[in-house]
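Participant: have a look; sequence and predicted model below, questions after that.
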Amino acid sequence: MISQFDISGNFALDVQGVEKLRLKANTDEKGAIKLAAQQFESLFLGMMLKSMRDASPKGGLFDSEQTDLYTGLLDQQLSQKLAATKGFGFADIMVKQLTSALDRIAQPGESGDGKPVPPEMPPSTAVEQPPAVEASAPSHAGSPQDFVNRVWPHALAAGRSLAIPPHFLIAQAALESGWGQHEIRAADGTSSHNLFGIKAGKNWTGPVVEAPTTEYINGVPRKSVARFRAYASYGEGFRDYAKLLRQNPRYAPLLEQGQDPAGFARGLQGAGYATDPMYADKIQRVLNSATMRRALSA
């Protein structure tokens, strides 16, 4: 049986190859990395074979433009076959490096002194709840496991009310707040307990805090200061988030996604929760990350 990550049986000139790779990247990023690395090594091998052909003497009885064409096609197919089997090992090196970089995007890394480094905050925005709040001083310097333990009961309750798995909500909260290390904070340093970056619109009558944020306008990121809702506890923040999704009709398609993580992520972006074009992809990265798996199993 041919593996779904094996390009050896594919036609080298398949014009749908790039589109297939793009679709795979939306559902299986690490598998897409492997395919892209194999294709890169295939291109390198093809260039090497072409250089070898060009260096060979020509002018034989069977040399012509037609034989050059078919020889080139053969070399391309051969290069793809070699890259998908053992190759020179370039693809394996690229997979190792890119996979490591992908995991660092979705989880805290370590600085040179061994201290945790919070994940990069996504530059995005929302109609009522922009997720891209500028990083402030860490409100809790704990690990992702500590973050999950702190909010799990509230995510579980909100998830039940929405019929959505609680770890979906935790993934979004982790993306928004950098695993709790960069919550929205008031001027005196107290936490707003707003892990979802929900803005204080004109109908909001509760406490608010002001914080810098990055919003996308016509695809261009712009910095501004916005008013955000503030809560007395994480439980109150999760309940208000669940209420927002239940009562706003634009989120109705999102609530129909059930157990589908990709549908949940796309539903948030499609409903206008954020204008960051990569918002859904970032949530899926958190959901599929090793950090999330470790945090949930702790």
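Facilitator: All right, it came through fine.
Participant: can you give me the helices in this structure?
Facilitator: Counting by DSSP state H, the segments of the chain that form helices are 17-27, 29-55, 65-84, 90-106, 144-162, 166-177, 234-247, 252-255, 261-270, 279-287, 290-297.
Participant: for those helices, which one sits closest to residue 215?
Facilitator: With Cβ to Cβ as the measure, helix 279-287 is the member of the helices of the chain nearest residue 215 (12.4 Å). C-betas here are computed from N, CA, C, even on glycine.
Participant: how about that closest one: buried residues?
Facilitator: For helix 279-287, burial by neighbour count (16 or more other Cβ atoms under 10 Å) applies to 279, 280, 281, 282, 283, 284, 285, 286, 287.
Participant: hmm, which helix or strand of this protein has the shakiest average pLDDT?
Facilitator: When the helices and strands of the chain are scored by mean pLDDT, DSSP states H and E, strand 116-117 comes last with a mean of 35.
Participant: state the distance from residue 44 to residue 271.
Facilitator: In this structure, residue 44 and residue 271 are 43 Å apart, going by Cβ to Cβ, to the nearest Å.
Participant: higher neighbour count, those two?
Facilitator: Using other Cβ atoms under 10 Å as the criterion, residue 44 and residue 271 rank with residue 271 on top: 19 against 16.
Participant: where does that one land on pLDDT?
Facilitator: On pLDDT, residue 271 comes in at 91.
Participant: ok, residue 264 next?
Facilitator: Note for residue 264: predicted pLDDT of 91.
Participant: what's the distance between it and residue 234?
Facilitator: In terms of Cβ to Cβ, residue 264 sits 20 Å off from residue 234.
Participant: the two: who's more crowded?
Facilitator: Neighbour count, other Cβ under 10 Å: between residue 264 and residue 234, residue 264 has more, with 24 against 20.
Participant: OK, contacts around the residue nearest to residue 253 when sequence neighbours are not counted?
Facilitator: Excluding its sequence neighbours, the residue lying closest to residue 253 (Cβ to Cβ, 6 or more residues apart in numbering) is residue 267, at 5.8 Å. Contacts of residue 267 were listed using Cβ atoms under 8 Å, 6 or more residues apart in numbering, and they are 251, 253, 254, 257.
Participant: now do 6 Å
Facilitator: 253, 254, 257 (Cβ atoms under 6 Å, 6 or more residues apart in numbering).
Participant: need those in TSV with distance to residue 221 and pLDDT, can you?
Facilitator: Converted to TSV, these look like this (distance: Cβ to Cβ, whole Å; pLDDT from 0 to 100):
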residue	distance to residue 221	pLDDT
253	27	89
254	25	86
257	28	80
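Participant: please pick the buried ones from those residues.
Facilitator: Among those, those scoring as buried are 254, 257 (criterion: 16+ other Cβ under 10 Å).
Participant: just give me the closest of the contacts of residue 267 to residue 168.
Facilitator: Residue 168 has its nearest neighbour among those in residue 257, at 9.0 Å by Cβ to Cβ.
Participant: how near is that closest one to residue 280?
Facilitator: 12 Å.
Participant: out of the helices of the chain, deepest packed?
Facilitator: Most buried of the helices of the chain, by mean neighbour count (mean count of other Cβ atoms under 10 Å): helix 166-177, with a mean of 25.
Participant: quick check: mean pLDDT of that one?
Facilitator: For helix 166-177, mean pLDDT is 94.
Participant: what's it in contact with?
Facilitator: Contacts to helix 166-177, defined as Cβ under 6 Å, 6+ apart, come from residues 131, 155-156, 158-159, 183, 195-197, 264, 282-283, 286-287, 296.
Participant: same thing but 7 Å
Facilitator: Outside helix 166-177, the residues that touch it by Cβ atoms under 7 Å, 6 or more residues apart in numbering are 122, 131, 144, 147-148, 151-152, 155-156, 158-159, 183, 195-197, 261, 264, 282-283, 286-287, 292, 296.
Participant: and the angle from that helix to helix 290-297?
Facilitator: Using axes from the mean of the first three to the mean of the last three Cα atoms, to 10 degrees, the direction of helix 166-177 lies 130 degrees away from that of helix 290-297.
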